[in-house]
Every structure is written in structure tokens, then in C-alpha cells.
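> please work out how this folds:
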Amino acid sequence: MASSGYFSVAERKREKKEARERDERLIASGQVSAQQVAKRNGLFSALDPSKARIVRRRGKIRGA
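Alright, predicted model coming up:
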């Protein structure tokens, strides 16, 4: 993405299109499976669950 301090919708759209095309090529060539691509592209794929921790638990809700 652009590093000049603004978000370009057109540039992001191009990046996403290129990423989809790259994924399709990898799947078609047999280098990765569709499941591997889906896992890699998942919402939390960049997070390491082993480093996650609960920092605050919700308290009990008191009735009115």
C-alpha cells in the first residue's frame, strides 16, 4: 500500500486482485491447496495464538 500518508482505494483494489491471481496460480500449479490458501488468508492468520492472553475479564453485571 501507499506509504505517503493516504489510502488509495484504487491501489488497494489492484493489490487484492494481484493477491487473488497469485493464489489462483499457486493452487493451479499444485504448490498449495485451496485449504492452505484459505487458512493463510484468514482473518486471524497473522496472529500467533500461543502469544495471546486475556488481559481483563468482564465483571458480573449487577441488576438494577
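> what pLDDT does residue 55 get?
The per-residue pLDDT reported for residue 55 equals 81.
> got the phi/psi numbers for it?
In this entry, residue 55 is assigned phi and psi values of phi -100, psi -20 (degrees, to the nearest 10).
> what's the distance between it and residue 39?
Using CB to CB, to the nearest Å, one gets 26 Å for the distance from residue 55 to residue 39. (Each C-beta comes from the backbone N, C-alpha and C, glycine too.)
> which of those two has more residues huddled nearby?
With other CB atoms under 10 Å as the criterion, residue 55 and residue 39 differ in neighbour count, and residue 39 comes out ahead with 11 against 5.
> who touches the more buried one in this structure?
When contacts are counted by CB atoms under 8 Å, 6 or more residues apart in numbering, residue 39 touches residue 45.
> scan this protein for its longest helix.
As far as residue count goes, and with DSSP state H defining each element, the longest helix of the chain is helix 9-29.
> return the set of buried residues in that helix.
Of the residues in helix 9-29, those buried under the neighbour-count criterion (16 or more other CB atoms under 10 Å) are 23, 26.
> need the next SSE after that helix, C-terminal direction.
Counting by DSSP states H and E, the next helix or strand C-terminal to helix 9-29 is helix 34-40.
> tell me the mean pLDDT for that next one?
Regarding helix 34-40, the rounded mean pLDDT is 93.
> for residue 47, see how far away residue 58 is.
Where residue 47 is concerned, residue 58 sits at a distance of 21 Å (CB to CB).
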